[in-house]
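J.: kindly return the folded structure for what I paste below:
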Amino acid sequence: MAKLYFYYSSMNAGKSTTLLQADFNYRERGMATMVWTAELDTRSAGMVQSRIGLEAGAHLYRPATDLFADISAQHAQSRLDCIMVDEAQFLTKAQVWQLAKLADELSIPVLCYGLRTDFQGELFPGSAVLLGIADALVELKAVCWCGRKASMNLRVDAAGRPVNEGEQTEIGGNDRYVALCRKHFSAALAGDLAAVG
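T.: Purely as a prediction, here's the structure:
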């Protein structure tokens with residue numbers, strides 16, 4: 001029986017690298033995969049890219065994309081052995097259920113990779129549904145500057161100062177976000193600039 005997986009973490013834990021390795025493993029065995037990423041992430045349109053230099057082409061999804069319809073149509077033409085979704089925090093509730101339907105009805109494993117929480121410690125909508133209905137939850141570990149597990153994403157401005165207000169989604173990498181443990185995340189938001197690292 002195929003499963004819906006959610007691999008989650010803070011930023012800089014290697015989610016995209018792990019996805020690309022899984023994609024390589026399937027393809028090396030002669031299996032067909034289909035990789036998706038969010039159109040919203042304009043840093044690498046049409047690509048899944050890791051910080052260590054690995055990359056692969058990907059289909060783009062937007063909030064209106066019917067993933068079940070698009071993927072099942074491809075599967076009908078040429079069998080798919082695995083679906084992989086990067087930036088899964090940007091999925092809508094309906095899209096997460098569509099991915100679950102692919103696993104349940106078409107027996108295609110679906111591997112989703114994304115952030116659990118935003119810069120305010122709030123769940124992303126896609127992540128909330130994945131945490132609720134995924135068959136398997138796998139936490140990937142990032143490291144805070146202090147050596148503890150980094151579970152939070154601190155947004156910073158151009159000068160490196162913590163930002164605690166704004167839209168939930170602001171695309172950026174190391175220039176806009178710092179992965180921190182909960183202790184240093186809380187201290188940074190309380191005004192302790194040394195907590196940023």
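J.: surely Met34 is in contact with Leu80?
T.: Yes: using C-beta atoms under 8 Å, Met34 is in contact with Leu80, at 5.3 Å. The C-beta positions use only the backbone N, C-alpha and C, and glycine is treated the same way.
J.: between the two, which contacts overlap?
T.: Common neighbours of Met34 and Leu80 (criterion: C-beta atoms under 8 Å, 6 or more residues apart in numbering): 71, 74.
J.: which parts of the chain are helices?
T.: 15-28, 67-77, 93-106, 125-133, 182-189 (DSSP state H).
J.: what's the shortest one packed up against?
T.: Judged by 3 or more C-beta pairs under 8 Å, 6 or more residues apart in numbering; DSSP states H and E, helix 182-189 is in contact with strand 152-156.
J.: of all the residues in stretch 34-41, which ones are buried?
T.: Buried residues in stretch 34-41, counted by 16 or more other C-beta atoms under 10 Å: 34-39, 41.
J.: same question, stretch 187-197
T.: By 16+ other C-beta under 10 Å, the buried positions in stretch 187-197 come out as 187-189, 195-196.
J.: ok, stretch 95-106 next?
T.: Neighbour-count burial for stretch 95-106 flags 95-104, 106 (criterion: 16+ other C-beta under 10 Å).
J.: just name the closest of the residues you listed to Glu139, please.
T.: Val96 (18.0 Å; C-beta to C-beta).
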